[in-house]
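*Asks:* test case, fold it:
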Amino acid sequence: MKLFIYDDYKNIYPELSGHALTDALILRAVKEYGISVSSLKVIRDHRGKPFIVPHSEVKVNVSVSHCGSTFAAIVSEANCGIDIQEARNTDVLKIAGRFFSEEEYRLVEKEGSDRFFRLWTRKEAYAKYTGGGLGQVMKKISVIDREDVTFTESILPNGMYCCICTKEEPEWMQ
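*Replies:* All right, here's what the predicted structure looks like:
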């Protein structure tokens, strides 16, 4: 598993936008991961989750997120999900009350916006991991104390919150 961060990502392929830009960045990350991309392409399921086809000898899973001018991609042989989020001034209690479980809401109420953004990135990373979409996770499904997955949280050098969801802890974190 490897994490790729591209700052000012729209300037990497200025002639592309939308899915074409995302696909090019995904293939760039897969290539940097060490897999030839000459015959690969990106497809999406009905929820928009990207997949690499045809699979090479090594099964490749990808998950992506972008916020502001930052694009993040996780490439792995195992299923994975990633989310990045820039902290911003917002009514975190109102949003948490709408989308978070009671336990998550209480944590945000007690600890404030830092906890909110950490939980929000967990929820989005978990939704990408499961493929169930945000609707599944934002219906008050808790991402606290889950035993079915591992969440790896960090703050990126540019200050953004980042969370990776996998079945096991990434090698570089052990």
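*Asks:* contacts, neighbours, all on C-alpha from now
*Replies:* Noted.
*Asks:* all the helices of this structure, residue numbers only.
*Replies:* Counting by DSSP state H, the chain has helices at residues 18-33, 92-99, 102-111, 113-130, 133-137.
*Asks:* shaky segments in this structure?
*Replies:* Applying pLDDT under 70 to the chain flags the ranges 55-58, 140, 168-174.
*Asks:* now do the closest residue in space to Ser36 that isn't next to it in sequence against Leu3, distance only.
*Replies:* Sequence neighbours aside, Val30 is the residue nearest to Ser36 in space, at 7.8 Å (criterion: C-alpha to C-alpha, 6 or more residues apart in numbering). Here the criterion is C-alpha to C-alpha, to the nearest Å. By it, Val30 lies 10 Å from Leu3.
*Asks:* which residues do the two both contact?
*Replies:* Contact criterion C-alpha atoms under 8 Å, 6 or more residues apart in numbering; residues shared by Val30 and Leu3: Val75.
*Asks:* which of these two has more neighbours?
*Replies:* Using other C-alpha atoms under 10 Å as the criterion, Val30 and Leu3 rank with Val30 on top: 24 against 16.
*Asks:* and the gap between the residue nearest to the spatial centre of the chain and Leu3?
*Replies:* In the chain, the C-alpha nearest the mean C-alpha coordinate belongs to Ile82, at 1.7 Å (C-alpha atoms, centre = their mean). If you measure Ile82 against Leu3 using C-alpha to C-alpha, the figure is 9 Å.
*Asks:* list residues touching both of those two?
*Replies:* Applying C-alpha under 8 Å, 6+ apart, one finds that Ile82 and Leu3 are jointly contacted by Ala72, Ala73, Ile74.
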